[in-house]
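Asker: Whatever this is, show me its structure:
(one chain, ligands or ions: 1)
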Amino acid sequence: MMFTRFRIAALAAAALTVSGCASTQNARDFETQFALAQTALAEDIAVLASDEFLGRRPGTEGEIKTLDFMERELKRAGLVSGTNDPANPWRAPVGLVTTVAQSGNVILTIEGSEVLLDASDATVLTGSSRALVEGAELVYVGSAAAGVDADAVSGKVAILQGEPGKSPARRAKLFDQGAIAVITLVETQNSILSLRNSAGRERFQLASSVDDAISAYVTRAAMAEAIPGWEGYVEQLEELLKENSSAVLPLSATARIEASTDRREVTSHNLIGKLPGTNPDAGAVLMLAHWDHFGECGELGDEDRLCNGAADNASGVAAIIELARRLARSGPHDRDIYVLGTTAEEWGLLGAEAFAENPPLPLDEIVAAFNFDTVALAPRGGAIGFIGEGETPLDPLVAQAIANSGRDQGSRILAEQFLQRQDGWALLQRGVPAIVISSAFGDEDRLNDYLSTRYHSADDEIEGMELGGAVEDLLLHQSLIEQVASVEGYSPAAK
Ligand SMILES: [Zn+2]
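Answerer: Numbering: from 1, shown residues only. Sure thing, here's the model as predicted:
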């Protein structure tokens with residue numbers, strides 16, 4: 001990660017050295033603003049998380065309602081379209097593909113006889129509507145820890161020893177080297193079942209990056225039963241690896257692997273508004289929050305299956321809408337302020353990826369991006385989680401803002417765990433200073449409680465939602481963004 005040097009212009013010192021009388025007045029003003037912001041947040045979350053919005057699943061009526069609401073509120077506040085694309089005002093199309101696994105099987109041919117692996121021991125996943133590999137030679141690559149030679153796997157089916165946390169990258173490498181399919185060995189039939197169940201639920205991918213590769217999963221026990229002398233091959237490869245760390249072992253066996261997938265094209269949208277600044281050449285500030293959620297995600301047969309996503313992420317969307325209103329009133333600001341509602345975050349930051357791939361302004365013009373995700377968990381006065389600390393030149397400004405708030409900073413280890421699990425990551429990877437400042441990530445017990453109960457379930461409802469921390473965070477962002485949107489308040493060094 002490259003860091004740029006920066007300079008913070010002298011801040012208005014008044015806020016830090018107020019007299020007793022003025023500070024009483026400040027406290028009263030704060031309480032007034034707190035109450036107003038709390039009311040606005042509560043009202044907007046209630047709309048976005050209502051049953052009428054159908055859980056905000058991409059490509060549904062829930063998407064249309066959500067985008068209509070956001071556009072209307074932002075227009076009312078005085079914002080204009082931020083897509084910078086006259087053909088698509090406000091809504092930047094994001095091409096998605098949904099896949100639902102239909103069927104698949106693995107047949108091994110050893111010394112002329114065929115073995116069809118039982119469905120409880122094998123499953124096949126692909127993004128392709130219909131995929132077939134026939135008569136392909138099998139090659140055992142072990143855990144492929146040191147990588148393998150392309151010549152050894154190209155055009156073949158690689159059998160990979162699964163290793164928690166490491167298999168996806170190693171599988172991708174094998175495909176890069178020309179493997180036509182990869183069979184990953186797993187330990188239990190439960191792993192097969194959960195892979196099949198999750199592939200059997202509709203999931204979204206970016207149309208530009210649908211994975212058509214054929215990935216089969218087989219239990220180690222079934223492989224050992226199907227291929228006579230399997231344990232001997234495993235030992236043989238271990239011996240070979242002592243001589244050559246990229247060795248593989250060709251097996252005198254072939255595979256027939258097939259799978260079919262129900263695949264549909266869906267056009268979803270990122271919603272993009274803009275509060276024009278007086279000096280847009282000085283760059284832009286971005287506020288973002290994902291608007292999408294799962295629609296129905298409860299268990300079949302449950303009375304309430306609708307996943308309203310009140311905290312995740314009606315709360316974040318409400319926060320950027322209310323901030324847009326406040327920033328419009330306190331403007332004009334020097335820099336443009338963009339407001340982005342991303343789609344399909346829940347399936348892997350897809351809308352944020354699409355924004356970063358096809359941004360409405362050059363990404364290097366964004367001086368700071370503030371993401372809001374699941375912001376309403378902690379009560380007033382709690383510690384502030386800072387995700388992205390150490391990754392951008394914004395650290396000193398954030399430290400000052402936290403100090404000004406009189407609150408503590410939460411655990412850095414806790415915040416760090418969420419760095420790659422939020423939309424800002426798609427921007428940060430491309431050099432955009434993107435951070436999250438939220439009390440929701442400052443209190444480990446509360447966060448864990450949410451994650452183990454309401455998170456991604458039909459219970460993420462507005463009832464019992466805690467707004468105090470979110471409102472404090474919102475007011476903190478307001479002054480921080482006012483500062484960052486001002487050329488005098490914040491100037492990244494010339495690149
Ligand atoms: Zn989520």
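
Asker: C-alpha only now, for contacts and for neighbours.
Answerer: OK.

Asker: got the contact list for the residue positioned nearest the centre of the chain?
Answerer: Centroid check for the chain by C-alpha atoms, centre = their mean gives Leu349 as the closest residue, at 3.4 Å. Neighbouring residues of Leu349 by C-alpha atoms under 8 Å, 6 or more residues apart in numbering: 343, 422-423, 426.

Asker: Please repeat the previous calculation with a cut-off of 7 Å.
Answerer: 422-423 (C-alpha atoms under 7 Å, 6 or more residues apart in numbering).

Asker: what pLDDT does it get?
Answerer: On pLDDT, Leu349 comes in at 97.

Asker: Which residue ranges make up each domain of this structure?
Answerer: 6-78+276-492, 98-263 (automatic domain parsing).

Asker: Format those domains as CSV; extra columns: distance to Asn270.
Answerer: CSV is the format used below for the domains of the chain (distance: least, C-alpha to C-alpha, whole Å):
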stretch, distance to Asn270
domain 6-78+276-492, 5
domain 98-263, 13
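
Asker: could you say what helices and strands whichever helix in the chain runs longest packs with?
Answerer: Ranked by residue count, the top helix of the chain under DSSP state H comes out as helix 20-48. Packing contacts for helix 20-48, counted by 3 or more C-alpha pairs under 7 Å, 6 or more residues apart in numbering; DSSP states H and E, involve helix 315-330, helix 468-484.

Asker: Of all the domains of the chain, which one is nearest Asp85?
Answerer: Smallest distance to Asp85 across the domains of the chain (C-alpha to C-alpha): 7.6 Å, for domain 6-78+276-492.

Asker: Please enumerate the helices of the stretch 51-200 of the chain.
Answerer: Secondary structure of the stretch 51-200 of the chain by DSSP state H, counting those that start in this stretch: the helices cover 61-77, 150-153, 167-176, 189-199.

Asker: Can you list the low-confidence ranges for the protein?
Answerer: Applying pLDDT under 70 to the chain picks out residues 1-21, 494-495.

Asker: show me where the stretch 301-450 of the chain has helices.
Answerer: 315-330, 350-357, 395-405, 412-416, 424-428, 444-452.

Asker: any chance of these in TSV, with distance to Ala40 and mean neighbour count too?
Answerer: Listed next are the helices of the stretch 301-450 of the chain as TSV, based on distance: least, C-alpha to C-alpha, whole Å; neighbours: other C-alpha atoms under 10 Å:
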stretch	distance to Ala40	mean neighbour count
helix 315-330	7	23
helix 350-357	26	23
helix 395-405	21	15
helix 412-416	27	17
helix 424-428	25	23
helix 444-452	23	14
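
Asker: got the contact list for Pro86?
Answerer: Contacts of Pro86 (C-alpha under 7 Å, 6+ apart): none.

Asker: Would you quantify the distance from it to Glu73?
Answerer: 20 Å (C-alpha to C-alpha, to the nearest Å).

Asker: Please apply the same query to Val157.
Answerer: For Val157 relative to Glu73 (C-alpha to C-alpha), the value is 54 Å.

Asker: ditto for Leu160
Answerer: 52 Å.

Asker: more crowded one of those two?
Answerer: Taking other C-alpha atoms under 10 Å, Leu160 and Glu73 do not tie; Leu160 has more neighbours (23 against 17).

Asker: That one is in contact with Gly147, isn't it?
Answerer: No: the pair Leu160 / Gly147 is not scored as a contact, 11.2 Å apart, by C-alpha atoms under 7 Å.

Asker: Tell me the strands beside the longest strand seen in the chain, with direction?
Answerer: With secondary structure taken from DSSP state E, the chain has its longest strand at strand 249-275. Here strand 249-275 is paired, per DSSP bridges, with strand 80-81 (antiparallel), strand 91-110 (antiparallel), strand 130-142 (antiparallel), strand 336-342 (antiparallel).

Asker: Direction-wise, compare that strand with helix 315-330 and give the angle.
Answerer: If you take axes from the mean of the first three to the mean of the last three C-alpha atoms, to 10 degrees, strand 249-275 sits at 30 degrees to helix 315-330.

Asker: out of the helices of the stretch 51-200 of the chain, nearest to Thr278?
Answerer: Of the helices of the stretch 51-200 of the chain, nearest to Thr278 by C-alpha to C-alpha is helix 61-77, at 17.1 Å.

Asker: Any idea how far that closest one is from the middle of the chain?
Answerer: 22 Å (C-alpha atoms, centre = their mean, to the nearest Å).

Asker: do the same with stretch 332-340
Answerer: Here stretch 332-340 is found 24 Å from its chain centre; the criterion is C-alpha atoms, centre = their mean.

Asker: Show the end-to-end separation of it, please.
Answerer: 19 Å.

Asker: Which strands or helices does the helix or strand that comes right after the longest strand of the chain pack on?
Answerer: Moving toward the C-terminus from strand 249-275, the first helix or strand encountered (DSSP states H and E) is strand 284-290. Applying 3+ C-alpha pairs under 7 Å, 6+ apart, one finds that strand 284-290 makes contact with helix 315-330, strand 336-342, strand 366-371.

Asker: Could you point out which of these sits nearest Val47?
Answerer: Using C-alpha to C-alpha, the nearest of the helices and strands packed on strand 284-290 to Val47 is helix 315-330, at 9.4 Å.

Asker: ok, how many other residues are close to Phe441?
Answerer: 33.

Asker: and the gap between it and Trp291?
Answerer: Phe441 sits at a distance of 19 Å from Trp291 (criterion: C-alpha to C-alpha).

Asker: List the buried residues for stretch 380-387?
Answerer: Neighbour-count burial for stretch 380-387, counted by 16 or more other C-alpha atoms under 10 Å, picks out 380, 382-387.

Asker: Does the residue lying closest to Val124 once chain neighbours are set aside belong to a helix, a strand or coil?
Answerer: Distance criterion C-alpha to C-alpha, 6 or more residues apart in numbering; nearest residue to Val124, sequence neighbours excluded, is Ala216 at 4.2 Å. Here Ala216 is recorded as strand under DSSP: H, G, I helix; E, B strand; the rest coil.

Asker: my guess is Ala216 contacts Val182, does it?
Answerer: Yes: using C-alpha under 7 Å, Ala216 is in contact with Val182, at 6.1 Å.

Asker: how about a markdown table for the helices and strands packed on helix 20-48, with distance to Val141 added?
Answerer: Formatted as a markdown table, the helices and strands packed on helix 20-48 follow (distance: least, C-alpha to C-alpha, whole Å):
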| stretch | distance to Val141 |
| --- | --- |
| helix 315-330 | 45 |
| helix 468-484 | 50 |
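
Asker: Tell me which of the ones you listed lies nearest to Val106.
Answerer: helix 315-330 (44.6 Å).

Asker: Show me how far the closest one is from its chain's centre.
Answerer: 22 Å.

Asker: Who are the packing partners of it?
Answerer: helix 20-48, helix 61-77, strand 284-290, helix 468-484.

Asker: Please list the residues outside that helix that contact it.
Answerer: 40-41, 44-45, 74, 77-78, 275, 287-291, 372-376, 474, 478.

Asker: Please find the angle between the direction vectors of it and helix 468-484.
Answerer: Using the same axes, to 10 degrees: helix 315-330 against helix 468-484 is 40 degrees.

Asker: Report the inter-axis angle for helix 315-330 versus helix 61-77.
Answerer: 20 degrees.

Asker: Just the angle for helix 315-330 relative to helix 20-48, thanks.
Answerer: Using the same axes, to 10 degrees: helix 315-330 against helix 20-48 is 130 degrees.

Asker: quick one, helix 315-330 and strand 366-371 angle?
Answerer: 130 degrees.

Asker: in the sheet, who's paired with the closest residue to Leu67 other than its chain neighbours?
Answerer: With C-alpha to C-alpha, 6+ apart as the criterion, Leu67 has its nearest non-adjacent residue at 6.6 Å, and that residue is Leu271. Beta-bridge partners recorded for Leu271 (DSSP bridges): Arg91, Gly341.
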